[in-house]
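> show me the folded form of this:
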Amino acid sequence: MQTLPTTTAHTQPRRRVIGALLGAALSLGLALGAATPSSAQAAEIRVITSGGFSAAYDQLIPLYEQATGHKVVTARGASMGTAPDSIPSRFARGEAFDIVILADSGLEALITQGKVQPGSRVDLARSMIGMSVRKGTPKPDISTVEALKQTLLNAKSIAYSASASGIYLSTELFQRLGVAEQIKDKATKIYSERVGTVVARGDAEIGFQQVSELLPFKELDYVGALPDEVQQRVFFSAGVAVGAQNPEAARHLIRFLAAPAAAAIVRSTGMEPAAAR
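Predicted coordinates for the structure are as follows:
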């Protein structure tokens, strides 16, 4: 079974988390000193991000704003799907952004549609799908493919994302495991909220989503990642939107998020930094 990195924020002592943040702030601040945008005026950078990278993003953006004086305005939505607040739906309505951060396949689709500048893609982190249950309830075994299959069959109710991870589960993995028909009436695709919220409310017994989206929920017990043989590893990537008002500042912020100095923070959220490859 793919295990969670030992530096995750929910197991790491608080002082080590703070130390990692301060160290990253210092390193990134020094790097920015020689690479700030040419305009001396503070810029407003509009970003839309999906949930997979949000835990790292929410820690890194205050550091960026402090180091540069720029203001980052953030919107959020799922990488895929037709929910009104999903990233594809927002672009289809003509909403304007400077940067989009989402699963790599979703970003490539936006590039093909002419919504994101070709050649602007930068991979930020690689993610895995995991499972959580409500705190204090039994933790089913998903350490092997057979154990995962039995857990799905035995579960009373299953929640999964409507975005990248859930699309993989519902269109590929459930069929591959031979359980699609048996679980179709108890497996629910979750729109416009996180799977962890549904499990924490008690509306689902088990929930699957990107590990980085499950870990922030203190009301849940994280069980683990899918077995390596059936794991989907996707990159969460950033691109500059076509028509960006501040393309130079946008590219600068993307370099900041992808910088090696940000790796400790990214890793603490349960993702593998792209800069560490």
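
> output stretch 66-82 as PDB, nothing but the C-alphas.
What follows is stretch 66-82, C-alpha atoms only, in PDB (Å, rounded to 0.1, in the frame of the first residue of the first chain):
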ATOM      1  CA  GLN A  66       4.000  39.200   2.100                       C
ATOM      2  CA  ALA A  67       7.100  38.900   0.000                       C
ATOM      3  CA  THR A  68       5.900  40.800  -3.100                       C
ATOM      4  CA  GLY A  69       3.100  43.100  -2.000                       C
ATOM      5  CA  HIS A  70       0.900  41.600  -4.700                       C
ATOM      6  CA  LYS A  71      -2.700  40.700  -3.900                       C
ATOM      7  CA  VAL A  72      -4.100  37.300  -4.900                       C
ATOM      8  CA  VAL A  73      -7.800  37.000  -5.300                       C
ATOM      9  CA  THR A  74      -8.900  33.300  -5.200                       C
ATOM     10  CA  ALA A  75     -11.900  31.400  -6.600                       C
ATOM     11  CA  ARG A  76     -12.400  27.700  -6.200                       C
ATOM     12  CA  GLY A  77     -14.000  24.900  -8.200                       C
ATOM     13  CA  ALA A  78     -13.700  21.300  -9.200                       C
ATOM     14  CA  SER A  79     -11.200  20.400 -12.000                       C
ATOM     15  CA  MET A  80     -13.900  18.600 -14.000                       C
ATOM     16  CA  GLY A  81     -17.600  18.200 -14.300                       C
ATOM     17  CA  THR A  82     -20.600  20.300 -15.000                       C
END
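
> what residues sit buried inside it?
Taking 16 or more other CB atoms under 10 Å as the neighbour-count basis, stretch 66-82 is seen to contain the buried residues 67-68, 70, 72, 74, 77-81. For every residue, glycine as well, the C-beta is placed using N, CA and C.

> so what's the residue count around residue 183?
By the measure other CB atoms under 10 Å, the count of residues near residue 183 is 16.

> residue contacts, it?
Taking CB atoms under 8 Å, 6 or more residues apart in numbering as the definition of contact, the neighbours of residue 183 are 152-153, 155, 158, 174.

> how about those in JSON lines, adding neighbour count and distance to residue 144?
As requested, the contacts of residue 183 are arranged in JSON lines below (neighbours: other CB atoms under 10 Å; distance: CB to CB, whole Å):
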{"residue": "152", "neighbour count": "24", "distance to residue 144": "13"}
{"residue": "153", "neighbour count": "13", "distance to residue 144": "14"}
{"residue": "155", "neighbour count": "19", "distance to residue 144": "16"}
{"residue": "158", "neighbour count": "23", "distance to residue 144": "18"}
{"residue": "174", "neighbour count": "21", "distance to residue 144": "17"}
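
> from those, which ones fall inside strands?
With strands identified by DSSP state E, the entries of these that belong to them are residue 158.

> biggest separation within the contacts of residue 183, which pair?
The most widely separated members of the contacts of residue 183 are 155 and 174, with 12.2 Å between them, by CB to CB.

> what about residue 154, how many residues nearby?
By other CB under 10 Å, 10 other residues sit near residue 154.

> I should have written residue 227 there, sorry.
Taking other CB under 10 Å as the criterion, the count of residues near residue 227 is 16.

> okay, it and residue 129: tell me how far apart.
11 Å (CB to CB, to the nearest Å).

> likewise residue 65?
31 Å.

> so which of the two has more stuff around it?
Neighbours were tallied for residue 65 and for residue 129 using other CB under 10 Å; the higher tally belongs to residue 129 (26 against 15).

> okay, the spatially closest residue to the more buried one that is not a sequence neighbour: pLDDT?
Leaving out its chain neighbours, the residue that sits closest to residue 129 by CB to CB, 6 or more residues apart in numbering is residue 165, at 4.7 Å. Looking at residue 165, its pLDDT reads 90.

> having no further points to raise, I will conclude here.
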